[in-house]
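Undergrad: I would like to see how this sequence folds:
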Amino acid sequence: MNLFGLTVPRRYLAVLPGIALVFALALVGCGSAEEAMEDEWGTLPQVSSTAQLELRIDSLMNENRKLRDQVEAITGENRRLIARTAELETKVSETMAAAQAAPQTAPTPVQAPAVTSTESNSGYEAALALYNRRNYQGAIDQFQALLNSGTAGKLTDNCHYWIGESYYGMGKYSDAVQEFREVVTQKRSTKLSYAYMMLGNCEALLGNKDAAREAYNRVVADFPSSPLAAKAQARLRKL
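TA: Model (predicted):
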């Protein structure tokens, strides 16, 4: 068959109506889709340049607020860190100042000699009781009163010794040195070994290593059988 100048085999003539129908539906569908699209876009509101600018400004302002919040948070944390640092620096300064102001740790005093029968003096015993209660100033005043009154008698060296021990307990090592030296000038004193030992302790605390070494050596040399000799040797090794 000749169709539009073209020879079409007969076997295709049967399907021509179907093909024509498909093309017709396609054309109708395209038109409907285009119309639907036009209708959809036509319903969208038109955004003006001013509105777009306002939206942009609002967005920037929101971003600016977020940044300000972040800056404020960082600033607050920075203030807390600065305050904490200042607090720690203050504590360190106070600790260092306290350490510098504190007196050097004194060696543990040697065990004091026992009171003998010759020391049975009421005023002396009262002064010694004040020392045992660590009322060092009261003990010093009482022992000194005995010395000043001339009633100390044979207990004179003992009074000087306990005054020295009291000054040592108060951390007044220079004053203690003077009292212990008063004791060691009396060669028959029963407090000699203890006085030399305490004299060495005081001189060591005062930084007078040579004087301390001399006092400790006297304990070792003059009282080798005394329990203080071993302690004096130990102190000598530390000088």
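Undergrad: for the nearest residue in space to Tyr173 that is not next to it in sequence, give its distance to Ala176.
TA: What sits nearest to Tyr173 in space, not counting adjacent residues and going by Cβ to Cβ, 6 or more residues apart in numbering, is Cys202, at 4.3 Å. (Glycine included, C-beta is placed from N, CA and C.) Plainly put, Cys202 is 5 Å away from Ala176 if you go by Cβ to Cβ, to the nearest Å.
Undergrad: about what we covered before: and the residue nearest to Tyr173, what are its phi and psi?
TA: Here is the backbone geometry of Cys202 (degrees, to the nearest 10): phi -60, psi -50.
Undergrad: what sits against it?
TA: Counting by Cβ atoms under 8 Å, 6 or more residues apart in numbering, Cys202 touches 168, 173-174, 176-177, 180.
Undergrad: from these, pick the one nearest Tyr161.
TA: The closest of the contacts of Cys202 to Tyr161 turns out to be Phe180 (Cβ to Cβ; 7.1 Å).
Undergrad: ok, that closest one - contacts?
TA: Contacts of Phe180 by Cβ under 8 Å, 6+ apart are 160-161, 164, 195-196, 198-199, 202.
Undergrad: put together JSON lines for the contacts of Cys202, with distance to Val219 and secondary structure on each row.
TA: Formatted as JSON lines, the contacts of Cys202 follow (distance: Cβ to Cβ, whole Å; DSSP: H, G, I helix; E, B strand; the rest coil):
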{"residue": "Tyr168", "distance to Val219": "16", "secondary structure": "helix"}
{"residue": "Tyr173", "distance to Val219": "18", "secondary structure": "helix"}
{"residue": "Ser174", "distance to Val219": "21", "secondary structure": "helix"}
{"residue": "Ala176", "distance to Val219": "16", "secondary structure": "helix"}
{"residue": "Val177", "distance to Val219": "16", "secondary structure": "helix"}
{"residue": "Phe180", "distance to Val219": "12", "secondary structure": "helix"}
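Undergrad: of those residues, buried ones?
TA: 168, 173, 176-177, 180 (16 or more other Cβ atoms under 10 Å).
Undergrad: burial check on Arg133, number of neighbours?
TA: Arg133 has 10 neighbouring residues, counting by other Cβ atoms under 10 Å.
Undergrad: for Gln186, same thing?
TA: Summarising burial for Gln186: neighbours were counted as other Cβ under 10 Å, giving 15.
Undergrad: next one: Leu192
TA: 20.
Undergrad: residue contacts, it?
TA: Leu192 neighbours (Cβ under 8 Å, 6+ apart): 183-184, 186, 222-223.
Undergrad: do a quick rundown of the strands in the protein.
TA: 2-3, 6-7 (DSSP state E).
Undergrad: just the pLDDT for Asp141.
TA: On pLDDT, Asp141 comes in at 96.
Undergrad: per-domain residue ranges of this protein.
TA: When the chain is parsed with automatic domain parsing, its domains come out as 2-37, 117-238.
Undergrad: deepest of those domains, which one?
TA: Among these, domain 117-238 has the highest mean neighbour count (mean count of other Cβ atoms under 10 Å), at a mean of 18.
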